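Q: The following comprises the amino acid sequence and a computationally predicted model.
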Amino acid sequence: MAAVPWYLGDVSPNIPQPTWVPPAIGPILRYNLNMRNALRAHAVFYNLSGSGEVFGNREVEFQSSFVDLGLDFEFNWWPYKTAYRKTKYSPYVSAGLGYSLNISGESVSHLYLPFGGGFKMNFGEKLSGGVEVTMRKSFTDLIDGVTNPGGEEVQTSVGNNDWYMFTGIFLTYKIFNFREDCPTYNDVTYGKK
């Protein structure tokens with residue numbers, strides 16, 4: 001998977017700020033439960049950065065690196081299976097739970113809720129790919145190193161301002177053929193002898 005991370009938080013509350021270089025990159029592993037549902041695990045390395053004014057014209061700038069670990073549930077709008085020729089493509093939505101481990105910068109490691117959607121399609125017998133956009137609601141207000149910009153005495157992790165999103169592409173290669181209905185049927189269907 002390769003993506004552009006976008007930061008939206010205390011330092012940039014209205015317009016998301018992208019971190020173009022380096023892009024977010026990492027492996028994903030998808031397991032198809034059936035034609036409509038799949039589970040996906042990922043480990044993505046990414047950077048977040050931003051700059052802006054907080055606390056009445058005080059300039060703030062940050063840059064941090066993370067490793068994003070998560071598990072997502074995907075729902076396909078149309079019947080679809082990775083690298084299955086009878087189902088060429090499908091839009092999908094996803095949601096899950098993840099943890100971002102801070103490896104550099106002033107940010108903190110944090111739990112997050114990812115949700116989003118995309119479009120995936122098969123390119124052949126083993127290869128598929130797609131595009132997606134996912135939002136991540138963090139459970140910390142310290143991704144940008146700034147907390148409680150309004151001066152509130154109490155702020156819960158549910159009501160903080162730190163969000164980020166990924167806009168990206170992915171490629172998947174089918175390694176195993178679990179639970180094939182009938183290998184002979186597949187050979188005939190695909191014109192093999």
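A: Perfect, I can see it now. From a predicted model like this one, the values you see are computed outputs, not experimental measurements.

Q: Now do the SS call for Ala43.
A: strand (DSSP: H, G, I helix; E, B strand; the rest coil).

Q: Then Glu125?
A: coil.

Q: for the residue nearest to it when sequence neighbours are not counted, what are its contacts?
A: Leaving aside its sequence neighbours, Glu125 sits nearest to Ala83 (C-beta to C-beta, 6 or more residues apart in numbering; 6.1 Å). (Each C-beta comes from the backbone N, C-alpha and C, glycine too.) For Ala83, the contact set (C-beta atoms under 8 Å, 6 or more residues apart in numbering) comprises Asn122, Gly124, Glu125, Lys126, Leu127, Ser128, Thr172, Tyr173, Lys174.

Q: Tell me where the protein has helices.
A: 183-189 (DSSP state H).

Q: show me where pLDDT drops low in it?
A: 55-56, 147-161, 177-193 (pLDDT under 70).

Q: quick one: the residue nearest the centre of it from Ala2, how far?
A: Centroid check for the chain by C-alpha atoms, centre = their mean gives Thr134 as the closest residue, at 5.1 Å. Taking C-beta to C-beta, to the nearest Å as the measure, Thr134 falls 14 Å from Ala2.

Q: so Met135 sits right up against Thr167, yeah?
A: No - contact criterion C-beta atoms under 8 Å: Met135 and Thr167 do not qualify, at 10.3 Å.

Q: residue boundaries of the strands in the protein?
A: Secondary structure of the chain (DSSP state E): strands located at 2-8, 17-18, 24-25, 28-32, 37-54, 58-76, 89-104, 110-122, 127-138, 163-173.
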